[in-house]
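**Student:** here is a sequence with its predicted model. Questions after.
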Amino acid sequence: MADLFTRAQAVIPGGVDSPVRAFGSVGGAPVFVERASGPHIYSADREYIDLVGSWGPALLGHAHPTVVEAVQKAASKGLSFGAPTEAEVELAELVIDRVEPVEKIRFVSTGTEATMTAIRLARGFTGRDLVVKFAGCYHGHEDNMLVAAGSGVATFGMSSSAGVPKGTVEDTVVLPYNNREAVETLFATHGEKIAAIITEGAPANMGVVPPTPGFNAFLKEQCEKAGALLILDEVLTGFRLSKAGMWGIDQDVPYTPDLLTFGKVIGGGMPIAALGGRADVMDWLAPLGPVYQAGTLSGNPLATAAGITTLALADDAVYEQVNRSSQALSDGFSQALSAEGVDHTIQRVGSLFSILFSDTPATNYDEVAAQDQFRYAPFFHSLLEDGIHLPPSVFEAYFVSATHTDEVIDKILAAAPKAARAAAQA
Ligand code: PMP
């Protein structure tokens, strides 16, 4: 693996096509994957139980046979047409059926494209420029979202990115997450200039940070009063936390986002993402409206086949299994860490969780950053040594799939005491 990493670094910057994969914050050489199946990934010489799940898409487990078959069947009919297909319509209908606030939807190829387009659409529709985001939330790598972003940007301690013109981020206002007062103050002074708030359904790119009860509904209320739009970014949480994503389990105080973005599970591992929401807003997109967006591979037939099949298979039993497994896993990790006297908190939203190395729960990025970050690398490497593949950064969530059965969870937890000891000794 180290040889392959050296070879990769000679020809690909950092040896990877997406920064967090490089193991930068935990050290060592990444696992080069040859194939994957169910809860497992395989390098050339080893099997690992995978808790990365391609960073979210693998809700049904890797290479689900029915999904693979659907993609193979679609491939035999043509790889890309650049023309409309019945499958796109079917996938659109499936999403609209599951997620009530989605009246119309457009498919793109990545989560970044989805949020970028949603923001452009919100600006076009409102005729305003300012967009509000929260520190530690990650919405993709479009220029105007690369301020105080989570995920790889947080992992590498970057507050922003080189190559982003100052003028571009001047229209992005960053606020601390879960801080209602900060939102109210901004809207009181600049409300009439704000096009949208964009927020993760539940933040999971600074580790998991649950919204305080009613926070998303509060954001919608603020937007509505000011004539701004609420964009709920469900790229990571969509179709993972429930059939209707985070929105579906976040209705204690009911609210309706104006726009939502999807990615990951919607394509079950194929490159497809989407934005959807209010029909009157969505109709501002070209060719009906003046907001331009396009894509050579948008609505790709292999990706739509994978999406339709994945959503059709993601029934109540899948969500029950994933919830149960992640509960058992987080309980087990927590017990092992407690036994070694390691301060920690399980940060959880539904089936998504991460371990925070602090005994005080974190409600925003600054609190997440203040944890004992140094404990993660030894914890991670102990598990990797024992064949468990965790996200290589303390700022990421752990992803279980419907194939992470009790037996698989038991195998992971058998390795937990040693990992907890390594964390304790850090
Ligand atoms: N939004 C959220 C909430 C995400 O988690 C991600 C990716 N991790 C994105 C947007 C960007 O998606 P992509 O990597 O497909 O561009």
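**Tutor:** Nice, thanks for sending it over.

**Student:** going by C-alpha atoms from here, please, whenever you check contacts or count neighbours.
**Tutor:** OK.

**Student:** gap between stretch 386-406 and the chain center?
**Tutor:** Relative to the mean C-alpha coordinate of its chain, stretch 386-406 is positioned 14 Å out (CA atoms, centre = their mean, to the nearest Å).

**Student:** likewise for stretch 170-182?
**Tutor:** Worked out by CA atoms, centre = their mean, stretch 170-182 lies 20 Å from the chain centre.

**Student:** same thing with stretch 295-307?
**Tutor:** With CA atoms, centre = their mean, you get 20 Å for stretch 295-307.

**Student:** before we move on, what about stretch 278-298?
**Tutor:** For stretch 278-298 - counting by CA atoms, centre = their mean - the centre lies 24 Å from the chain centre.

**Student:** for it, measure first residue to last.
**Tutor:** 21 Å (CA to CA, to the nearest Å).

**Student:** when you give positions from now on, start the count at 14
**Tutor:** Sure thing, new numbering starts at 14, so read that last one as stretch 291-311.

**Student:** what comes up buried for that stretch?
**Tutor:** 291, 294, 295, 296, 297, 298, 304, 306, 310, 311 (16 or more other CA atoms under 10 Å).

**Student:** can you tell me the closest non-neighbouring residue to the last one?
**Tutor:** This means residue 311. Closest residue in space to residue 311, ignoring its immediate chain neighbours: residue 121 at 4.7 Å, by CA to CA, 6 or more residues apart in numbering.

**Student:** go on, the second one?
**Tutor:** Setting aside the residues directly before and after it, residue 294 is nearest to residue 138 in space (CA to CA, 6+ apart), at 6.6 Å.

**Student:** tell me which element that neighbour falls in.
**Tutor:** helix 124-139 (DSSP states H and E).

**Student:** who are the packing partners of that helix?
**Tutor:** strand 207-213, strand 242-247, strand 272-275, strand 286-290, helix 292-295 (3 or more CA pairs under 8 Å, 6 or more residues apart in numbering; DSSP states H and E).

**Student:** the residue nearest to residue 165 when sequence neighbours are not counted: what's it in contact with?
**Tutor:** In space, and not counting its chain neighbours, residue 165 is closest to residue 33: 5.2 Å by CA to CA, 6+ apart. Applying CA atoms under 8 Å, 6 or more residues apart in numbering to residue 33 gives the contacts 164, 165, 168, 405, 406.

**Student:** what's the answer for residue 438, then?
**Tutor:** Here residue 438 is in contact with no residues (criterion: CA under 8 Å, 6+ apart).

**Student:** for the stretch 114-263 of the chain, which spans come out with low pLDDT?
**Tutor:** Applying pLDDT under 70 to the stretch 114-263 of the chain picks out residues 166-172.

**Student:** domain assignment for this structure?
**Tutor:** 15-72+328-437, 78-326 (automatic domain parsing).

**Student:** for the ligand, find the nearest of these.
**Tutor:** domain 78-326 (3.2 Å; CA to the nearest ligand atom).

**Student:** chain center to that closest one: distance?
**Tutor:** 10 Å.

**Student:** how about that domain and the ligand, touching?
**Tutor:** Yes. Judged by CA under 6 Å from any ligand atom, domain 78-326 comes into contact with the ligand at 123, 124, 125, 151, 152, 153, 213, 246, 247, 248, 249.

**Student:** these two touch, right, the third one and residue 152?
**Tutor:** Spelled out, that is residue 125. Yes. Under the contact definition of CA atoms under 8 Å, residue 125 touches residue 152, with a separation of 6.5 Å.

**Student:** between those two, which has more neighbouring residues?
**Tutor:** residue 152 (28 against 22; other CA atoms under 10 Å).

**Student:** surely residue 105 and residue 115 touch.
**Tutor:** No. With contact defined as CA under 8 Å, residue 105 does not count as touching residue 115 (9.4 Å).
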